[in-house]
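# below is the sequence, then the predicted model.
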Amino acid sequence: MIRPGITGKLVIALTTLVILAGVVGGTISLRSQERHLLNTMILGADQLSNGITRATWESMLMDHRQSAYEVMRSIARTEGIDHIRMFNREGTMMFSTREVETERRVTKDAAACVVCHAGGAAPRDRLDAPSRVRVSTAEDGRRRLMMVTPIYNEPSCSQAACHAHPGNMKVLGVLDVTFHLDYVDRELTAARTRISLVFGAMIALINVFIFFFTRRFVAQPIRRLMGATKRVSEMNLEQPLVWGEGDDELGQLARSFEGMRVRLRGALGELNELAQNLERKVVERTEQLKAANQKLVQTDRLASLGQLSASVAHEINNPLSGVLNLSMLLQRILKDDGIPKERIPEFRKYLGQISSETSRAGRIVSDLLAFSRRSKPQRAEADLNRIVRTTLSLVDHKLRMADVCLELALDERLPHVWCDSSQMQQVVLNLVMNAAEAMHERKGGRIEVVTRCADGQVVLEVRDNGEGIPQEQMAKIFDPFFTTKPEGKGVGLGLAVVYGIVQAHSGDIDVKSEVGRGTTFAVWLPLAAADAAEGRQAAAPAGR
């Protein structure tokens with residue numbers, strides 16, 4: 001459906017208004033013209049009726065009745081007159097120009113008599129011309145004007161010797177003259193035609209004027225404003241709105257809009273400048289936060305290293321003591337002339353033990369150095385199970401000293417993950433140490449480390465049967481410097497560092513805890529690209 005524009009709406013509205021005004025005005029004009037024509041015709045009819053009445057009165061006075069009738073017949077043949085009738089006082093038709101009259105006597109309710117006998121009151125003997133006129137429509141559809149003229153009893157008539165009418169009888173009868181209104185109807189039809197033509201031409205001229213006026217002074221300026229608003233909505237603020245019209249409402253609106261465009265362009269420029277400055281500051285602050293985060297991770301690593309130092313030193317001391325004892329045994333076996341043959345197998349056994357213990361000490365030192373090494377973060381495909389085993393080797397002795405049982409449930413078919421191995425090692429260490437410290441020297445403490453694959457991700461779970469975390473503290477456990485440990489036991493950075501590392505690896509971490517029954521930390525990590533592609537290929541046949 002096509003909706004008219006503002007020009008069309010104005011044309012429709014004003015045309016409707018003009019049509020209503022024209023219909024009202026034309027109707028009033030036609031009725032006025034009709035009244036004027038009827039009044040003119042009534043005046044002529046009254047004069048003609050009086051003339052006929054006078055001629056009839058003269059003929060009757062001279063007792064020339066037929067002469068009066070011939071005069072009326074001659075007048076009835078005049079164009080515009082339908083017929084002439086004459087009634088006496090009793091309502092009997094005395095004469096008619098019609099050859100056939102079906103009604104020879106009428107009552108007071110007849111059309112010719114009702115003008116004087118209306119309402120059943122005494123008859124009126126003096127009436128003005130309009131009161132004696134009635135207009136009706138015949139069966140053939142033609143309108144007729146009927147005028148009734150009383151025939152008065154003049155003194156010259158009532159006093160004549162030939163008349164029998166007493167002097168107190170005022171009205172002797174009536175003359176009924178009926179005229180055709182064809183002329184009046186033709187004039188009204190012609191007037192309607194003229195009014196319709198003039199009215200149609202006026203409407204056409206008004207519509208043309210309205211169309212060009214609204215198009216020139218309303219539609220085109222509004223289209224220009226619409227184009228300007230569209231450019232502003234598209235953030236094209238460089239093209240100005242050129243307005244050459246006067247100081248009307250649209251001109252004031254255009255100037256206000258242009259001022260708004262200029263201010264908006266200036267504000268946008270300021271916003272762009274602020275955005276650039278903000279972006280630069282965000283980049284700078286991001287770099288500072290990255291550096292601070294690296295320092296935080298390294299600080300947490302050093303803190304963990306400090307906790308492990310005594311335990312690792314004791315762990316290294318055991319194989320070194322064994323090497324020392326075995327060396328002393330070897331010295332006893334070794335004689336000046338060499339090794340006795342019967343003790344060579346024993347000698348070799350002790351050498352193997354020395355080699356094993358030395359390798360053990362070297363491996364512990366190597367793991368400790370790898371953990372403490374400050375390296376640039378670098379992500380690659382890594383075996384999470386290997387990271388778990390390497391890390392747990394550093395805390396195994398500390399857990400045994402705390403009487404905590406460590407259980408591993410590692411999925412040997414676990415896919416590789418895309419991660420920084422050193423940072424993942426720190427995640428495992430912090431979660432395990434946090435679980436161990438949650439025991440608070442509780443007897444029968446148990447920590448379970450689980451790896452599995454679920455929903456296309458690798459999951460690392462660290463479960464303990466410690467005291468649990470109260471519900472009101474669950475929302476704060478990853479906040480920096482928040483800790484529930486006694487003073488001197490921790491600064492509250494471990495879980496905050498874990499959370500930051502996991503988020504940086506596009507992973508997720510959630511916690512489930514029940515007071516008195518333990519806590520479970522679950523770390524979700526994305527698969528490496530190659531393993532993810534293999535997983536999709538393996539799942540394709542089942543999907544099909």
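Yep, it's here. Quantities reported herein were computed from a predicted structural model and do not represent experimental measurements.
# for the stretch 351-500 of the chain, which segments are assigned as helices?
Assigned by DSSP state H, counting those that start in this stretch, the helices in the stretch 351-500 of the chain fall at 384-401, 421-437, 494-504.
# make TSV out of those and add mean neighbour count and distance to P150.
(Glycine included, C-beta is placed from N, CA and C.) Formatted as TSV, these follow (neighbours: other Cβ atoms under 10 Å; distance: least, Cβ to Cβ, whole Å):
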stretch	mean neighbour count	distance to P150
helix 384-401	18	132
helix 421-437	23	130
helix 494-504	21	119
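# and of those helices, who's closest to G26?
helix 494-504 (85.0 Å; Cβ to Cβ).
# who does that closest one touch, helix- and strand-wise?
Packing contacts for helix 494-504, counted by 3 or more Cβ pairs under 8 Å, 6 or more residues apart in numbering; DSSP states H and E, involve helix 249-333, helix 421-437, strand 508-514, strand 518-526.
# what would the helices of the stretch 351-500 of the chain look like in CSV with mean pLDDT and distance to T229?
What follows is these, written out as CSV (pLDDT from 0 to 100; distance: least, Cβ to Cβ, whole Å):
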stretch, mean pLDDT, distance to T229
helix 384-401, 84, 59
helix 421-437, 86, 54
helix 494-504, 83, 45
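# make TSV out of those and add distance to S233.
Formatted as TSV, those follow (distance: least, Cβ to Cβ, whole Å):
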stretch	distance to S233
helix 384-401	53
helix 421-437	48
helix 494-504	39
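# looking at these, which is closest to G80?
Between G80 and the helices of the stretch 351-500 of the chain, the shortest separation by Cβ to Cβ is 110.8 Å, and it involves helix 494-504.
# could I get the closest one in CSV with only the CA atoms?
C-alpha atoms of helix 494-504 as CSV (Å, rounded to 0.1, in the frame of the first residue of the first chain):
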residue,chain,number,x,y,z
GLY,A,494,48.1,-18.9,45.4
LEU,A,495,44.5,-19.3,44.2
ALA,A,496,44.5,-15.8,42.7
VAL,A,497,47.5,-16.8,40.6
VAL,A,498,45.9,-20.0,39.6
TYR,A,499,42.8,-18.2,38.5
GLY,A,500,44.8,-15.7,36.4
ILE,A,501,46.8,-18.5,34.7
VAL,A,502,43.7,-20.5,33.9
GLN,A,503,41.9,-17.5,32.4
ALA,A,504,45.0,-16.6,30.4
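# one step back: okay if I get the helices and strands packed on helix 494-504 as CSV plus distance to V218?
Below are the helices and strands packed on helix 494-504 laid out as CSV (distance: least, Cβ to Cβ, whole Å):
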stretch, distance to V218
helix 249-333, 8
helix 421-437, 70
strand 508-514, 62
strand 518-526, 63
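# weakest of these in terms of mean pLDDT?
Ranked by mean pLDDT, these bottom out at helix 249-333, which scores a mean of 74.
# so what's P526 closest to, chain neighbours aside?
Closest residue to P526 apart from its sequence neighbours, by Cβ to Cβ, 6 or more residues apart in numbering: S506 at 5.6 Å.
# so how far is Q457 from the one you found?
Taking Cβ to Cβ, to the nearest Å as the measure, S506 and Q457 are separated by 10 Å.
# kindly report the same for D479.
Going from D479 to Q457 by Cβ to Cβ gives 25 Å.
# the more surrounded of these two?
Legend: neighbour count by other Cβ atoms under 10 Å for D479 and Q457, higher for Q457 (17 against 13).
# quick one: closest of the helices of the stretch 351-500 of the chain to R215.
Across these, R215 has its closest neighbour in helix 494-504 (63.5 Å, Cβ to Cβ).
# got the angle between that closest one and helix 421-437?
Helix 494-504 and helix 421-437 meet at an angle of 140 degrees, taking axes from the mean of the first three to the mean of the last three Cα atoms, to 10 degrees as the criterion.
# helix 494-504 to strand 518-526, inter-axis angle?
In terms of direction (the same axes, to 10 degrees), helix 494-504 departs from strand 518-526 by 20 degrees.
# which element is R348 on?
Taking DSSP states H and E as the definition, one finds R348 inside helix 344-372.
# give the contact list for I447.
L399, V404, C405, L406, E407, V432, A435, A436, V462, R463, D464 (Cβ atoms under 8 Å, 6 or more residues apart in numbering).
# so what's it bridging to?
L406, D464 (DSSP bridges).
# look up how far M433 lies from it.
Distance, I447 to M433, by Cβ to Cβ: 10 Å.
# go on, V148?
Relative to M433, V148 is positioned 131 Å away (Cβ to Cβ).
# one step back: tell me the most buried of the helices and strands packed on helix 494-504?
Counting by mean count of other Cβ atoms under 10 Å, helix 421-437 has the highest mean neighbour count of the helices and strands packed on helix 494-504, with a mean of 23.
# C-alpha coordinates for it, PDB please?
What follows is helix 421-437, C-alpha atoms only, in PDB (Å, rounded to 0.1, in the frame of the first residue of the first chain):
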ATOM      1  CA  SER A 421      54.200 -26.000  31.000                       C
ATOM      2  CA  SER A 422      55.900 -24.000  33.700                       C
ATOM      3  CA  GLN A 423      52.600 -22.100  34.500                       C
ATOM      4  CA  MET A 424      50.600 -25.300  34.500                       C
ATOM      5  CA  GLN A 425      53.200 -26.800  36.900                       C
ATOM      6  CA  GLN A 426      52.600 -23.800  39.100                       C
ATOM      7  CA  VAL A 427      48.800 -24.400  38.900                       C
ATOM      8  CA  VAL A 428      49.200 -28.000  40.000                       C
ATOM      9  CA  LEU A 429      51.600 -27.200  42.800                       C
ATOM     10  CA  ASN A 430      49.400 -24.400  44.200                       C
ATOM     11  CA  LEU A 431      46.300 -26.500  44.100                       C
ATOM     12  CA  VAL A 432      48.000 -29.500  45.800                       C
ATOM     13  CA  MET A 433      49.700 -27.400  48.400                       C
ATOM     14  CA  ASN A 434      46.400 -25.600  49.100                       C
ATOM     15  CA  ALA A 435      44.700 -28.900  49.600                       C
ATOM     16  CA  ALA A 436      47.500 -30.100  51.900                       C
ATOM     17  CA  GLU A 437      47.200 -27.000  54.000                       C
END
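# quick one: list the elements packing against that helix.
helix 249-333, helix 344-372, strand 380-382, helix 384-401, strand 445-454, strand 457-464, helix 494-504, strand 518-526.
# can you redo these as JSON lines, where the extra columns are distance to M86?
Shown next, in JSON lines, are these (distance: least, Cβ to Cβ, whole Å):
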{"stretch": "helix 249-333", "distance to M86": "75"}
{"stretch": "helix 344-372", "distance to M86": "145"}
{"stretch": "strand 380-382", "distance to M86": "133"}
{"stretch": "helix 384-401", "distance to M86": "134"}
{"stretch": "strand 445-454", "distance to M86": "124"}
{"stretch": "strand 457-464", "distance to M86": "123"}
{"stretch": "helix 494-504", "distance to M86": "123"}
{"stretch": "strand 518-526", "distance to M86": "124"}
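# between those, which one is nearest to I206?
Among these, helix 249-333 comes nearest to I206, with 22.3 Å by Cβ to Cβ.
# centroid-nearest residue for this protein?
S233 (17.1 Å; Cα atoms, centre = their mean).
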